[in-house]
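Asker: Sequence unavailable; structure follows:
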């Protein structure tokens, strides 16, 4: 049997184990419906786990997600459960029905077919942009989830993994992760930014962290629901705003507008912080894409291309902004 077939069989078995973990909701012989195909590029969607539509024992419309083994090292299952509960209770996301830590699985209410992932074009329209930023701000107003982690800490973990090399999730073979072009210069810039943030205070709020546009669902009325809290943590809410800005902002004016909508004002210090977080966010996701490419058992997912695009964005920010001035100004 080929390695690809073995990996496919392993994922099918994992999905079956997840189904069996919810006997109060899913029949033992329940079959998964339409699955969400994982895509890393150009839209980052469904990558952290296998997702399937399910019908509950009593006919409930449910959505099953089970973390894939190549992403569990980066996920925070307990955080995700807590955030999903709080967000669901607040009407900001589909309600969490049940979870199972042993299988890394979540069972949620399934939204109907009127809901779809946001795309860049949506954020060019005032209503969707303001609704998504308002939903993000409402998320930041929820109770803290009890585990603090900054984008700088996540970068540190990723850099350690880059330096140490990695192992293929399927074969266990050691792999040297090739650093991208200009990686050393990016690291030096990121270190300067990290020192700047260490010397500055910040607010603390529960953060989405994974702010891909596909994690914001829209319906025809303009309502918004947030999904995918696998990396949720308590942190600086401006880091969430920055990650979202990286998704759609084309100009400094776009960034200023996003900050003004979310914060209520776009003063120079806040803008400086958001721009610095934009650099850090792009660097973080660039490294994640690189590491995932080298370690995954799902070679059909274009992690490499996603990581390259994020690192290009990081380099563009560094080249076009005066980083040292931003650090002094925050």
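Answerer: Now that the structure is in, tell me what you want to look at. As the structure is a computational prediction, the values presented were derived from the model and not from experiment.
Asker: list the contacts for the closest residue to residue 323 other than its chain neighbours?
Answerer: Nearest residue to residue 323, sequence neighbours excluded (Cβ to Cβ, 6 or more residues apart in numbering): residue 189, at 5.8 Å. C-betas here are computed from N, CA, C, even on glycine. The contact partners of residue 189, by Cβ atoms under 8 Å, 6 or more residues apart in numbering, come to 279, 318, 323.
Asker: among these, who's most crowded?
Answerer: Neighbour counts for those peak at residue 279, which has 25 neighbours (criterion: other Cβ atoms under 10 Å).
Asker: Confirm that that residue sits in a helix.
Answerer: Yes. Under DSSP: H, G, I helix; E, B strand; the rest coil, residue 279 sits within a helix.
Asker: separation between residue 319 and residue 328?
Answerer: 19 Å (Cβ to Cβ, to the nearest Å).
Asker: same check, this time on residue 153
Answerer: According to Cβ to Cβ, residue 153 stands 23 Å off from residue 328.
Asker: Could you list which residues are in contact with the residue nearest to residue 63 when sequence neighbours are not counted?
Answerer: Distance criterion Cβ to Cβ, 6+ apart; nearest residue to residue 63, sequence neighbours excluded, is residue 110 at 4.1 Å. By Cβ under 8 Å, 6+ apart, the contact set of residue 110 is 53-54, 61-63, 94.
Asker: With residue 324 instead?
Answerer: Counting by Cβ under 8 Å, 6+ apart, residue 324 touches residue 192.
Asker: so how far is residue 330 from it?
Answerer: Using Cβ to Cβ, residue 324 is found at 11 Å from residue 330.
Asker: ok, residue 153 and residue 328, which is more surrounded?
Answerer: Neighbours per residue, other Cβ under 10 Å: of residue 153 and residue 328, the larger number sits with residue 153, 13 against 10.
Asker: what about the more buried one, which helix or strand?
Answerer: Using DSSP states H and E, residue 153 sits in helix 151-164.
Asker: list the buried ones in that helix?
Answerer: With burial defined by 16 or more other Cβ atoms under 10 Å, the residues of helix 151-164 counted as buried are 151-152, 154-155, 158-159, 161-162.
Asker: And the closest residue to residue 54 other than its chain neighbours, its phi and psi?
Answerer: Excluding its sequence neighbours, the residue lying closest to residue 54 (Cβ to Cβ, 6+ apart) is residue 62, at 4.4 Å. For residue 62, the backbone dihedrals (degrees, to the nearest 10) come out as phi -120, psi 160.
Asker: In contact with residue 62, which residues are there?
Answerer: 25-26, 53-56, 97, 107-110.
Asker: Considering the residues you listed, which possesses the most neighbours?
Answerer: residue 107 (25 neighbours).
Asker: I'd say that residue and residue 88 touch.
Answerer: No. At 11.8 Å, residue 107 does not count as touching residue 88 under the criterion of Cβ atoms under 8 Å.
Asker: residue ranges with poor pLDDT in the stretch 101-250 of the chain?
Answerer: Applying pLDDT under 70 to the stretch 101-250 of the chain picks out residues 165-172.
Asker: Can you show me the strands along it?
Answerer: Applying DSSP state E, counting those that start in this stretch to the stretch 101-250 of the chain gives strands spanning 105-109, 116-117, 166-167, 174-175, 205-207, 216-218, 224-226, 233-235.
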